[in-house]
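> turn this into a structure:
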Amino acid sequence: MTERKTYLLLKRTLVLFLLILPMICASLAPAPVNAQSAQLPVYVVQSGDTLYGIAGQFFTTIDEILAVNNRSIGDTLRPGDRLFIPGFEGLQGVLTTDYVPLGASLRSLSRRTQSEPASLVRLNKFTSQSELFVGRKIALTTSETTQNLQTMPSLLPGQSWMERSILSGQNPWALARLNRLTSPNTALPQDAYYAYSAQNNPNSLAIPGLTSMVIDNLPLVQGGTFVLKVTSEQPVTLMADLAGVQPVFFARDDDSQIAFGGINALQEPGAYPLTIEVTNAEGATYRFDQWTIVGSGNFETDQTLKVDPETVDGDNIANEDALFKQIVTTLTPVQQWSGVFQYPTKGGDCVNSRFGSRRSYTGTDKIYYHTGLDIGWCYGIDVFAPAAGTVVAALPDQIVRGNTLVIDHGLGVFSIYMHLQDFLVAEGDQVQPGQLIAHIGNTGRSSGPHLHFEIDINGTPVNPVIWLNREFP
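Model prediction:
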């Protein structure tokens, strides 16, 4: 009897399993692809992506994405998932997003992605070539044919496509087809052309003598840091201007030049021309202009602060500002720091006021902005050097800044420490990351014990948080 019960139980279990097996398989099977989806480009989900963000980038809706992918709103979105994107029937390849690089045009992006200019216009809803702002996030298509393409050296005046191709080790006719030229004879000087390479270099700026020119830390925002990096075959003189900022270029040991620039926190968000001039050894100058977007820093507004009226006196502020401007615009050509800047105090969660916040003081109607981080007295009063550098100023009893240290890290990058109680280093001292340099105080224009920590680039205060979270250059 026991054996029969066991047999019946096993039989019922097997029948039940066979009934639910199709449902399990259906739930694990990939969603069926309809004929419409097969004609659409694919986007590979990246870490941090949301359906809302993907829909906004590709000018569609969440409901339309779910429909063509046979998904529901409750389905989990995982990195690596492949989503068909509606609205782009007939486009081939995998969709990606990137920031517009220096020198980009529809023609150069078309060659770089091996797609038609009309496809790029359709993907990004362009209405004008001028919409290719440096730093704008755009959609592109990629395929196996776009892997490992890099910018060719520019055609020099009087140089033929045949000569340039041979110097690049490429077949002239195959290279012309790759760059969508009807004939090698139609190639133009200072235009961007691409060739297959073992390395991938998306630089699209073609100026004679330059191997590459890129702008780093996009997109640009109020209070942001930008870096221009230029590599050249022969020595060149460089000049750049962005929203009135003219960063200074410094030569490096690898035939490159680098310039750091800071966007003022009060710079109005909008489009600004980036102008770059390159002068070669023969004195020939090439000028390059491209619009660049500066976005909002989304700064907060602090409560009105009660301070000593002497510290908001216009003359006092002007005289002190002039002294510090001279210090932080005296540039040295050697980079002393390495890696990410360390936090200048123990603990990183004791910030009383962030960079860029708008603020006012009792006794004046003028609106100021905060040029650094105010770090409170949470984990002791020790102040540490965030990176290697040279102390270029140890100034006591400043009316606004109080007891203040300034460290030069090289290449126009300075760190500043205000309202200190005392100094543990002197002008001319070399400091190392983590070295104790001062103690937190309550001197100058201060409403309580704290450290004002500031990063200046060529005299412009920038958001220190960026330097505490990423490596430059």
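
> switch to C-alpha atoms for all contacts and neighbour counts from now on
OK.

> domains for this protein, by residue range?
Domain assignment for the chain by automatic domain parsing gives 94-196, 213-295, 309-467.

> I'd like the ones you listed as CSV, with mean neighbour count appended.
Listed next are the domains of the chain as CSV, based on neighbours: other Cα atoms under 10 Å:
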stretch, mean neighbour count
domain 94-196, 18
domain 213-295, 18
domain 309-467, 19
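
> let's have those in CSV, adding mean pLDDT and distance to T50.
Below are the domains of the chain laid out as CSV (pLDDT from 0 to 100; distance: least, Cα to Cα, whole Å):
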stretch, mean pLDDT, distance to T50
domain 94-196, 84, 14
domain 213-295, 91, 20
domain 309-467, 93, 24
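
> what's the closest of those to S47?
domain 94-196 (13.2 Å; Cα to Cα).

> that older thread, distance to I65 for the domains of the chain - can I get that in TSV?
Output for those, formatted as TSV (distance: least, Cα to Cα, whole Å):
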stretch	distance to I65
domain 94-196	14
domain 213-295	27
domain 309-467	35
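
> for the spatially closest residue to V230 that is not a sequence neighbour, give me phi and psi.
Ranked by Cα to Cα, 6 or more residues apart in numbering and with sequence neighbours excluded, the top spatial neighbour of V230 is M213, at 4.4 Å. For M213, the backbone dihedrals (degrees, to the nearest 10) come out as phi -150, psi 120.

> and G434, how far is that from V351?
19 Å (Cα to Cα, to the nearest Å).

> which residues sit in contact with A438?
Contact analysis of A438 by Cα atoms under 8 Å, 6 or more residues apart in numbering lists D382, V383, F384, L420, Q421, D422, F423, L424, V425.

> wait, a helix at it?
No: assigned with DSSP: H, G, I helix; E, B strand; the rest coil, A438 falls outside any helix and is strand.

> beta partners of it?
A438 has these beta-bridge partners by DSSP bridges: V383, F423.

> also I276?
On the basis of DSSP bridges, I276 is bridged to A240, F288.

> that one and F288 touch, don't they?
Yes: assessed by Cα atoms under 8 Å, I276 is found in contact with F288 at 5.1 Å.

> where along the stretch 351-473 of the chain do the helices fall?
Counting by DSSP state H, counting those that start in this stretch, the stretch 351-473 of the chain has helices at residues 464-467.

> can you report how many residues neighbour A55?
17 (other Cα atoms under 10 Å).

> you'd agree it is in a helix?
Yes: A55 forms part of a helix when assessed by three-state DSSP.

> neighbours of the residue lying closest to it once chain neighbours are set aside, how many?
Distance criterion Cα to Cα, 6+ apart; nearest residue to A55, sequence neighbours excluded, is T61 at 5.1 Å. Applying other Cα under 10 Å, we find 17 residues neighbouring T61.

> again, but for the one 4 residues further on
Here the count is done by other Cα under 10 Å, and I65 has 20 residues near it.

> didn't it look like it was pressed against G56?
No: checked against Cα under 8 Å, the pair I65 and G56 is beyond contact range at 11.1 Å.

> touching the one helix or strand V227 maps to from outside, list them.
Using DSSP states H and E, V227 maps to strand 225-232. By Cα under 8 Å, 6+ apart, the surrounding residues in contact with strand 225-232 are 209-218, 220, 255-263, 462-463, 466, 473.

> could you measure from V100 over to D429?
43 Å.

> ok, I263 next?
Separation of I263 from D429 (Cα to Cα) stands at 30 Å.

> what of Q39?
For Q39, the distance to D429 (Cα to Cα) stands at 66 Å.

> do Q435 as well
From Q435 to D429 the distance is 12 Å (Cα to Cα).

> N124 and T60 touch, don't they?
No: using Cα under 8 Å, N124 makes no contact with T60, being 11.6 Å away.

> could you work out the end-to-end span of stretch 373-386 for me?
Stretch 373-386: ends 14 Å apart by Cα to Cα.

> what's it in contact with?
341-347, 350-355, 431-441, 449-454, 464.

> can we see that at 6 Å?
341-346, 350-355, 433-440, 450-453 (Cα atoms under 6 Å, 6 or more residues apart in numbering).

> ok, Q222 - contacts?
Q222 neighbours (Cα under 6 Å, 6+ apart): I263, N264, A265, S296, G297.

> if you set the cut-off to 7 Å instead, what comes out?
Shown in contact with Q222 (Cα atoms under 7 Å, 6 or more residues apart in numbering): I263, N264, A265, L266, Q267, V294, G295, S296, G297.

> just R470 next, same as before
Counting by Cα under 7 Å, 6+ apart, R470 makes contact with V340.

> can you do 10 Å?
Taking Cα atoms under 10 Å, 6 or more residues apart in numbering, we find R470 in contact with N217, G339, V340, F341.

> before we move on, which element is the second one in?
Secondary-structure assignment from DSSP H and E places G339 in no helical or strand segment.
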